[in-house]
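# Please work out how this folds:
(one chain, ligands or ions: 1)
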Amino acid sequence: MLKVKNLYHSYTKDDNYAVKGISFEIKKGEIFGFLGPNGAGKSTTQKILTGLLPLQKGEASIAGIDVKKPTEKLFNLIGVSFEHPNIYSKLTGYENLEFYKKLFSVPTEDPKVLLKMVGLEDAVNKKAGDYSKGMKQRLVFARSLINNPQLWFLDEPISGLDPTTASNIKDIIKKKKDEGTTIFLTTHNMHIADELCDRVAFINEGKIEVIDSPRNLKLKYGEQLVKVEYKENNKLKRERLSLINDKDRDKLNKLVNEGKIETIHSQEATLEEIFIKVTGRGLK
Ligand SMILES: Nc1ncnc2c1ncn2[C@@H]1O[C@H](COP(=O)(O)OP(=O)(O)OP(=O)(O)O)[C@@H](O)[C@H]1O
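As a prediction, the model looks like this:
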């Protein structure tokens, strides 16, 4: 669905690159996470792919359409939800979506259905300028679905939302994936990446350091450990035991056979820990 090859971008049009030769592909129906700290080059890449910045160097195509020469056909295929809402403040939520709808030449969704889906049914006729920050974010999120996009760009879709709203937004993303939508998710929130993404790319200083599924990354870079609590001489003991180290495995087997274990938990590495291991820096 999306193919990117050797993409570069320089804001100063010299060899000072914000994006330094990145390549990746996203398959239809996949949720692909673009994970990296501030200034890594995530937004720059997303802006090139959505036609907001010109493609200076490299290749990119969406469903076979060259991003270098964006056409109406390409814009009909994509949806973009930005982190920082860009809306018409003087129009109501409903009017914002009605206006946006007219920009597409493909069948569009009913604005009221979309607004209800993101919990804005009571604010349909309220001026968008009077919406709270989270409401504006949900309005932009709903708006990005108006053309029922095949490739959906999401930039920090749950940042700053309360837990219930965030959970609703995550459910919508999962539902869209089940319906076959391909999703390019930009974030520095490792939890959402871990929960939603089929594969993630770690981007740092304009370069992709690694691309894999969260599960494979955990298996490859994480230590396989279990945390056990057990009683010995009437005292509660806690230990972290490796599943690959023979001595620790023997100890674990002994504790299991003797029936001493009170609690046991696997200790997987988080994506953030793996990111630090791979890039030598944190995600924030
Ligand atoms: N309009 C601009 N003009 C000049 N340099 C820019 C511009 N926008 C971004 N940059 C620079 O390009 C680099 C990549 O920035 P980018 O916004 O793509 O990072 P990001 O990964 O999206 O970060 P964040 O998580 O903070 O949004 C940074 O060094 C940034 O300072």
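# Could you use CA atoms for every contact and neighbour count after this?
OK.
# residue in the stretch 51-200 of the chain nearest to the ligand?
Of all residues in the stretch 51-200 of the chain, residue 188 sits closest to the ligand, at 6.6 Å by Cα to the nearest ligand atom.
# ranges for the strands of the stretch 1-150 of the chain?
2-9, 19-26, 31-35, 57-62, 65-66, 78-81 (DSSP state E, counting those that start in this stretch).
# Out of the ones you listed, which gets nearest to residue 168?
strand 78-81 (15.7 Å; Cα to Cα).
# name the helices or strands packed onto the helix or strand in which residue 165 is found?
Residue 165 belongs to helix 163-178 when assigned by DSSP states H and E. Based on contacts counted as 3 or more Cα pairs under 8 Å, 6 or more residues apart in numbering; DSSP states H and E, there is no element that helix 163-178 packs against.
# Would you indicate which residues of that helix are buried?
165-166, 169-170, 173-174, 176-177 (16 or more other Cα atoms under 10 Å).
# List the contacts of stretch 67-77.
Contacts with stretch 67-77, where a contact means Cα atoms under 8 Å, 6 or more residues apart in numbering, come from 48-51, 54-55, 59-62, 65, 104-106, 147, 149-151.
# let's see 7 Å
By Cα atoms under 7 Å, 6 or more residues apart in numbering, the surrounding residues in contact with stretch 67-77 are 49, 51, 54-55, 60-61, 65, 104-106, 147, 149-151.
# just stretch 55-64 next, same as before
Where contact means Cα under 7 Å, 6+ apart, the residues beyond stretch 55-64 that reach it are 1-9, 48, 66-68.
# Most neighbours among those residues, please name it.
Within the contacts of stretch 55-64, neighbour counts (other Cα atoms under 10 Å) peak at residue 9, which reaches 26 neighbours.
# how far away is that one from the ligand?
Per Cα to the nearest ligand atom, to the nearest Å, residue 9 is found 9 Å from the ligand.
# I'd like the domain boundaries of this structure, if you could list them.
2-214, 223-267 (automatic domain parsing).
# Show me which residues of the stretch 1-150 of the chain are close to the ligand?
Taking Cα under 6 Å from any ligand atom as the contact definition, the stretch 1-150 of the chain meets the ligand at 11, 18, 36-44.
# one more time with 5 Å
11, 18, 38-44 (Cα under 5 Å from any ligand atom).
# Quick one: buried ones out of these?
18, 40-44.
# Of these, just say which sits nearest to residue 267.
residue 40 (28.7 Å).
# Make sure the residue of the stretch 51-200 of the chain closest to the ligand is actually in contact with residue 34.
No. Between residue 188 and residue 34 there is no contact under Cα atoms under 7 Å: 8.1 Å.
# the bottom helix or strand of this protein by mean pLDDT?
helix 271-279 (a mean of 84; mean pLDDT, DSSP states H and E).
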